[in-house]
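**Student:** what follows is a predicted protein model with its sequence.
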Amino acid sequence: MNPLPPTAHEQQYLTFLLGQEMFALGISAIKEIIEYSAPTPVPMMPGVLRGVINLRGAVVPVLDLQARFGRTPSPVERRSCIVIVEMAVGEGRQVMGVVVDAVSEVLDIAAGDIEPPPQFGAQLRTDFIRGMARVRDRFVIVLDLNSVLSMDELETLASQAQASASHGSLQHV
């Protein structure tokens with residue numbers, strides 16, 4: 001017996017762990033998942049950017065999601081990996097890597113099973129959260145990729161890091 005095909009109201013999500021929390025990203029933005037290898041640091045970049053990697057000849061910036069959320073950067077462990085995502089930026093496309101502690105699975109989550117983000121109590125900026133999905137007795141935080149990886153905001157952070165460095169007091173932003 002063949003499973004029913006997903007409807008327009010159901011989308012596939014890649015779930016992954018950061019610390020003890022489960023997060024999800026829409027699978028349509030994900031290009032691939034690669035084993036973690038230390039990115040090359042880039043001077044005067046904001047602390048949320050670990051550096052860049054060479055992905056088949058392309059320079060790809062790598063973002064630490066824990067640091068982006070204002071938390072202590074993720075320690076690299078055996079299951080750590082880099083999720084390569086692609087998103088529209090203006091007229092073009094931007095490819096970025098995001099460090100996650102462990103990839104879990106791809107799930108079908110119906111749109112009706114995703115609740116709006118909480119207005120209080122979340123330990124993340126509410127604009128980073130697209131919604132909350134209940135999966136097997138636990139909540140999964142569905143991220144808004146465009147907000148989390150906002151190029152404008154990341155460029156502002158980079159400018160602040162450069163300004164701090166030029167004033168002789170390099171700070172992690």
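**Tutor:** Done, it's in.

**Student:** which residues does the closest residue to residue 23 other than its chain neighbours contact?
**Tutor:** In this structure, residue 23 finds its nearest non-sequential neighbour in residue 141, 4.9 Å apart by Cβ to Cβ, 6 or more residues apart in numbering. For the C-beta atoms, the positions are set from N, CA and C on the backbone; glycine is no exception. Counting by Cβ atoms under 8 Å, 6 or more residues apart in numbering, residue 141 makes contact with 21, 22, 23, 24, 122, 124, 129, 132.

**Student:** out of those, show me where the pLDDT dips lowest.
**Tutor:** Among the contacts of residue 141, residue 122 carries the weakest pLDDT, at 55.

**Student:** list the buried residues of stretch 92-103.
**Tutor:** 96, 97, 98, 99, 100, 101, 103 (16 or more other Cβ atoms under 10 Å).

**Student:** possible to save those residues as CSV with pLDDT?
**Tutor:** Formatted as CSV, the buried residues of stretch 92-103 follow (pLDDT from 0 to 100):
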residue, pLDDT
96, 92
97, 95
98, 95
99, 95
100, 95
101, 95
103, 96
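
**Student:** show me those that map onto strands.
**Tutor:** Of the buried residues of stretch 92-103, the ones assigned to strands by DSSP state E are 96, 97, 98, 99, 100, 103.

**Student:** so where do the strands sit in this structure?
**Tutor:** Counting by DSSP E, the strands of the chain are 10-18, 21-26, 30-35, 49-55, 58-64, 81-89, 92-100, 102-110, 114-115, 129-135, 138-143.

**Student:** next, the angle strand 129-135 makes with the last one.
**Tutor:** Using axes from the mean of the first three to the mean of the last three Cα atoms, to 10 degrees, the direction of strand 138-143 lies 150 degrees away from that of strand 129-135.
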